[in-house]
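Novice: starting from these lines, generate the structure:
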Amino acid sequence: MDFNEYIGCLHIHINQETEKQILESIFYEAKQSGLDFIILTPHTPVKRRWDDYFSLEGYKDGLIVLTGEEADEGSGQNHILIYGNRLWLGKKPVEEIVSHQNNNLLMFAAHPDGQHNLFGFSVDHKWKKKNLFNSLTGIEVWSALFDFVEKTNPSNLIFRYFSFPHNLQGPSLVTLQKWDRILKKRRFVGVCGLDMHTLPFLIKLLDVRKIFSFRIVFKTLRNHILTQKKITGDFEKDRDVIVDAFMQGKVFFANDFIADSRGFFLGSSDKKKTMGDFLSIEEEILVEIPEKSYINIKIGSKIVYSGNVKRLVLKPDVFGACRVEAFYKEKAWIFSNPIFIQHPKN
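Specialist: Below is the predicted model:
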């Protein structure tokens, strides 16, 4: 069975002052970068006087534009990337925000271990209320912004600037371990996010190499969904295809600036099942990588295989959430959501 692959970026910021021509530029650059969809996630406006924002949703010259939100409690912690709402949900206790999950919203914990010293002092954007993870769809495992700023400070800012995006390191070990712990108990979908903002005029002038332009950033961390359904041009149906794929965890995310990750596959050897599905321990796992690379196959937190491969068939001998990490030329490249290995009687 063939799966259709579609590529998109999420955690993209605009605001009420973003001009129409800038929006059109964002949509154009996304399409030129090979994206099929983007999910906008502006911060909740303080006075919530931006109700026409949600009307931006739809097809824009062949690009699917979805309008979400980065909601918070009015603080730097416990931010949630939300999609599916048509009213602003943020600027209230996070417990109240996640209570809307029964409305089948996509909800991802944003930059759960995010912190930086970019301005010479510590700034903390971590998730503190981890008990609420059970109310979320999943977690932003890899953040482009926090990957960059985590090791950036005033003394090395210029060097780090001219090294971007080649200096993206990959998800933090702490976040990966957190993801694996939750996957032992339940489905918890991992995604990557850009946390990309439109640059203020002065900073845009200082960005002499246009490194932080959408044209560059859209080619870095991208989510690839696999679905049996095809995108047809009918917006409502196509939106549901994308949302369903995220809900089911049929997604891998990659730094496509390193190499094109299209064609990656994790699933059953007959290709009838993929990430997010359940596989009997008696069945074989198939891993296909677009370029020969060093991979780790993890079931739970245990590495069951490591090696340089382009294609691998493996019969697991343990139960649990099985996911793949791929490293290309010693750089973090592809991270898959898991396929779930279960006992044949379950």
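Novice: check contacts around Phe257.
Specialist: Neighbouring residues of Phe257 by C-beta atoms under 8 Å, 6 or more residues apart in numbering: 165-166, 168, 219-220. In this view, the C-beta of every residue, glycine as well, is placed from N, C-alpha and C.
Novice: from those residues, which would you call buried?
Specialist: Neighbour counting with 16 or more other C-beta atoms under 10 Å marks 165, 168, 219-220 as buried within the contacts of Phe257.
Novice: outside of the helix or strand containing Val241, which residues touch it?
Specialist: If you go by DSSP states H and E, Val241 is part of helix 235-248. Helix 235-248 is contacted by residues 6, 8, 37, 57-59, 64, 66, 83-84, 104, 106, 137-138, 189, 191, 223, 225-227, 229-232, 251, 276 when judged by C-beta under 8 Å, 6+ apart.
Novice: among those, name the ones in strands.
Specialist: Mapping the contacts of helix 235-248 onto strands (DSSP state E) picks out 6, 8, 37, 58-59, 64, 66, 83, 106, 138, 189, 191, 223, 225-227, 251.
Novice: count of neighbours near the nearest residue to Lys129 once chain neighbours are set aside?
Specialist: Closest residue to Lys129 apart from its sequence neighbours, by C-beta to C-beta, 6 or more residues apart in numbering: Asn78 at 5.4 Å. Neighbour count of Asn78, defined by other C-beta atoms under 10 Å: 23.
Novice: just the buried residues from the ones in strands among the contacts of helix 235-248, in ChimeraX please.
Specialist: In ChimeraX, a selection of the buried entries from the ones in strands among the contacts of helix 235-248 looks like this (16+ other C-beta under 10 Å):
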select :6,8,37,64,66,83,106,138,189,191,223,225,226,227,251
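Novice: follow-up on the earlier one: in TSV, list the buried ones among the contacts of Phe257 along with secondary structure and distance to Leu266.
Specialist: As requested, those are exported to TSV (DSSP: H, G, I helix; E, B strand; the rest coil; distance: C-beta to C-beta, whole Å):
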residue	secondary structure	distance to Leu266
Pro165	coil	25
Leu168	coil	22
Lys219	coil	23
Thr220	coil	22
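Novice: what's the farthest-apart pair in those residues?
Specialist: Leu168 and Lys219 (11.5 Å; C-beta to C-beta).
Novice: in this protein, where's the longest strand?
Specialist: As assigned by DSSP E, the longest strand anywhere in the chain is strand 285-299.
Novice: could you point out the helix or strand that follows that one?
Specialist: Downstream of strand 285-299, the next assigned helix or strand under DSSP H and E is strand 302-314.
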